[in-house]
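**Q** just need the structure, nothing else, for what follows:
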Amino acid sequence: MANKNISKSFKFESFDMLQRLFIERKHSNSTMRFIIKLNGKLDIDQFKKTVQLAIEKFPLISCNYYEYFYSSCWKFQEYPIEDFVWIVENKTNNDDEMIMNYFFKDLDKENGPHIRFVIIQSPEHDSLCISINHMLCDATDFKNFIYMFCDMYSTPENASNYPEMGDRGLMQLFWPLSFKEQFNILRSKENSPNENIHLNLKGDPNRPFLETRTLSQEIFNKLKTYSKAKGVTLNDLFFTAMMRTFYSIFHQTVSILCDINLRKYIKENKTKGFTNMLTTINCNIGEELGDTFEETLNKVTQCLSKEKNDINCTRGLYLTELVMILLPYRWGKQLIDATYTPYPLEITNLGIIDKSKINFKNVQASSALLTGSTKYAPSFELSISSFDNIITFCINFYGTPDDQKIINEVLDNYIKELTSII
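**A** Numbering: from 1, shown residues only. Now for the predicted structure:
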């Protein structure tokens, strides 16, 4: 798969380093996955050609990373197409079983490549399981990458509409700010969780599992109607339901981390290259839960509205970026590693998967699911995505059968709380 036009070296960004730390510290496997079921058959030759076009647009998927004392970088590496595209015949006619056989086959992050397309071929249709290294991008740009891939598969000449990979760094967020704004971010106080409370999960690094709950279009529409009537977001509802679920477990309120897309602070709301551009805020409603769902909702809405509209939530990322700029790479990484402590309760809303953009020429998606990274004990992360007005809640975890039972109970109680308002 030779391509002489691709640069051979790329900058290793501070967020790439953070995701690398998550892998090293066994916080998560830093792999996101897309499952797409199709209503027809893919053209395998065209698919492989599109992979080559995608490498030209996002060469990091065909790179390996190198860490030195003073610096780090991505270096382009040639891989055979078979390393990117796995073709599997579905002999059982059970799509879900075949998909899950490959869902947890991890990427070789030490040697690359950093994306894998598994095409599961059934007699009348195909399915896709796509895995990508979270070091390369977040869920927003994973979706954007897939949209680009589908467009180039359907109309190869459209490849010229997509620029070569641009700036992936966090400073595209901070440089446009005035000195005063930057100074205010640095001197602001972080709203950190008060206590490190976590579920009683033992963990098993050799036993990954995925648990999901799906709400129908009818129920999803009722939740939308409720949120609109109350003047709140769907995310407010999701956090409220989890806050009340955790209260029934811990018998006290807890902090829950919320992922925030920082592209809203960037010109045109998009980065110059596929990357990670997100941070977390802390949803802490105080000691009182409230007697009803609506009372808890009011507290959650006030808390999240205040936090997510304050650019000071980027303080941790800005400090990380400055450390990595000012210190040799190894020292900077060691300092971040020594001071960063992941909080074990988190919700990440991966957003809407645009059905109109998930098609391969005349072959359309009948269903699609995007999931976050698989967590190690004691970390718990609920990821949320929707496709065609159907919403799915997912938990990926390395755990024991008892852990799986606990997580299933949490999900069941969560859905009861969420649907209690309709």
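**Q** just checking, what packs against the lengthiest helix in the chain?
**A** For the chain, the longest helix by residue count, based on DSSP state H, is helix 401-419. When contacts are defined as 3 or more C-beta pairs under 8 Å, 6 or more residues apart in numbering; DSSP states H and E, helix 401-419 sits against strand 208-215, helix 234-250, strand 380-387, strand 390-398. Where you see a C-beta, it was placed from the backbone N, CA and C, and this is true even at glycine.
**Q** which strands or helices does the longest one pack on?
**A** Judged by 3+ C-beta pairs under 8 Å, 6+ apart, helix 234-250 is in contact with helix 217-230, strand 256-261, helix 293-308, strand 345-353, strand 380-387, helix 401-419.
**Q** which of the residues in the longest one are buried?
**A** Pointing back at helix 401-419 there. When burial is assessed from 16 or more other C-beta atoms under 10 Å, helix 401-419 yields the following buried residues: 403-404, 406-407, 410-411, 413-415, 417-418.
**Q** average pLDDT for it?
**A** For helix 401-419, mean pLDDT is 97.
**Q** again, but for the fourth one
**A** Mean pLDDT, strand 345-353: 96.
**Q** adjacent strands (with direction) for it?
**A** Using DSSP bridges, the strands paired with strand 345-353 are strand 256-261 (parallel), strand 380-387 (parallel).
**Q** mean pLDDT for these: which is lowest?
**A** strand 256-261 - the lowest mean pLDDT of the strands paired with strand 345-353, at a mean of 94.
**Q** tilt between that one and helix 234-250?
**A** Inter-element angle recorded for strand 256-261 and helix 234-250: 160 degrees (by axes from the mean of the first three to the mean of the last three C-alpha atoms, to 10 degrees).
**Q** not counting its own residues, what contacts the helix or strand harbouring Met152?
**A** Counting by DSSP states H and E, the element that carries Met152 is helix 139-154. Residues from elsewhere that reach helix 139-154 (C-beta atoms under 8 Å, 6 or more residues apart in numbering): 32, 34, 46-47, 50, 53-54, 57-58, 130, 132, 137, 158-159, 161-162, 261, 263, 271, 274-278, 348, 350-351, 353-354, 357-361, 370, 372, 385.
**Q** if you set the cut-off to 6 Å instead, what comes out?
**A** For helix 139-154, the external contacting residues (C-beta atoms under 6 Å, 6 or more residues apart in numbering) are 32, 50, 53-54, 132, 158-159, 162, 261, 274, 350, 357-361.
**Q** of those, buried ones?
**A** Among the contacts of helix 139-154, those classed as buried by neighbour count (16+ other C-beta under 10 Å) are 32, 50, 53-54, 132, 162, 261, 274, 350, 358-360.
**Q** how about CSV for those residues, with secondary structure and distance to Arg25 added?
**A** Below are these laid out as CSV (DSSP: H, G, I helix; E, B strand; the rest coil; distance: C-beta to C-beta, whole Å):
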residue, secondary structure, distance to Arg25
Met32, strand, 18
Thr50, helix, 35
Leu53, helix, 36
Ala54, helix, 30
Ile132, strand, 20
Tyr162, coil, 35
Asn261, strand, 24
Phe274, coil, 25
Leu350, strand, 23
Ile358, coil, 34
Asn359, strand, 39
Phe360, strand, 38
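**Q** Leu173: which of those residues is nearest?
**A** Leu173 has its nearest neighbour among the buried ones among the contacts of helix 139-154 in Asn261, at 11.4 Å by C-beta to C-beta.
**Q** what about the protein, any weak spots by pLDDT?
**A** 1-7, 192-195 (pLDDT under 70).
**Q** give me the most central residue, it.
**A** Ala139 (3.9 Å; C-alpha atoms, centre = their mean).
**Q** quickly note the distance from it to Leu215.
**A** 19 Å (C-beta to C-beta, to the nearest Å).
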